[in-house]
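In: build me a model from this:
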Amino acid sequence: MEREFTQEQKYVLARKRVEKISKFYKHLTTYVVVNIFLSAIFIVGDMNDGDTFTEAFTNYHNYKIWLYWGIGIVFQALNTFGVKLFFNKDWEEKKIKKYMEEQSRKR
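Out: From the prediction side, this is the model:
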């Protein structure tokens with residue numbers, strides 16, 4: 001059974017949704033800025049320890065925090081936007097049309 005909402009209830013739900021999306025984008029921005037800063041510090045530290053820039057830049061350990069914190073970001077994105085962000089009906093329909101058009105052009 002679908003519930004009818006008043007305009008005020010719709011506004012409150014929409015506002016909560018916008019706040020949730022806003023928090024996600026703030027978290028994502030913090031993730032990128034902080035990790036760039038930390039990676040730069042780790043790379044400079046490795047170079048001070050005698051590594052070349054290439055060795056320091058390609059060292060996996062300088063980027064582990066990106067991976068671990070990134071997992072949290074992915075879960076927050078799924079919580080904020082839902083799984084339908086990646087696999088919704090519109091996406092499927094667009095892909096079907098695209099492949100049908102490609103097949104038409106090949107003939």
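In: contacts, neighbours, all on C-alpha from now
Out: Fine.
In: for stretch 28-45, which positions count as buried?
Out: Neighbour-count burial for stretch 28-45, counted by 16 or more other C-alpha atoms under 10 Å, picks out 28, 31, 35, 38, 39, 42, 43, 44.
In: redo those as JSON lines? Include distance to residue 105 and secondary structure.
Out: Converted to JSON lines, those look like this (distance: C-alpha to C-alpha, whole Å; DSSP: H, G, I helix; E, B strand; the rest coil):
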{"residue": "28", "distance to residue 105": "41", "secondary structure": "helix"}
{"residue": "31", "distance to residue 105": "44", "secondary structure": "helix"}
{"residue": "35", "distance to residue 105": "45", "secondary structure": "helix"}
{"residue": "38", "distance to residue 105": "49", "secondary structure": "helix"}
{"residue": "39", "distance to residue 105": "47", "secondary structure": "helix"}
{"residue": "42", "distance to residue 105": "51", "secondary structure": "helix"}
{"residue": "43", "distance to residue 105": "50", "secondary structure": "helix"}
{"residue": "44", "distance to residue 105": "53", "secondary structure": "helix"}
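In: what's the spacing between residue 22 and residue 13?
Out: Residue 22 sits at a distance of 14 Å from residue 13 (criterion: C-alpha to C-alpha, to the nearest Å).
In: so, low pLDDT: which residues of the chain?
Out: 1-2, 84-89, 107 (pLDDT under 70).
In: at 90 what do you get?
Out: Counting by pLDDT under 90, the ranges of the chain that qualify are 1-14, 60-62, 81-107.
In: helices of the protein, start to end?
Out: Secondary structure of the chain, counting by DSSP state H: helices at 7-48, 53-57, 64-81, 89-106.
In: what is the nearest of the buried residues of stretch 28-45 to residue 81?
Out: Nearest to residue 81 among the buried residues of stretch 28-45, counting by C-alpha to C-alpha, is residue 28 at 13.7 Å.
In: settle this for me: that closest one is touching residue 74, isn't it.
Out: No - using C-alpha atoms under 8 Å, residue 28 is not in contact with residue 74, being 9.8 Å away.
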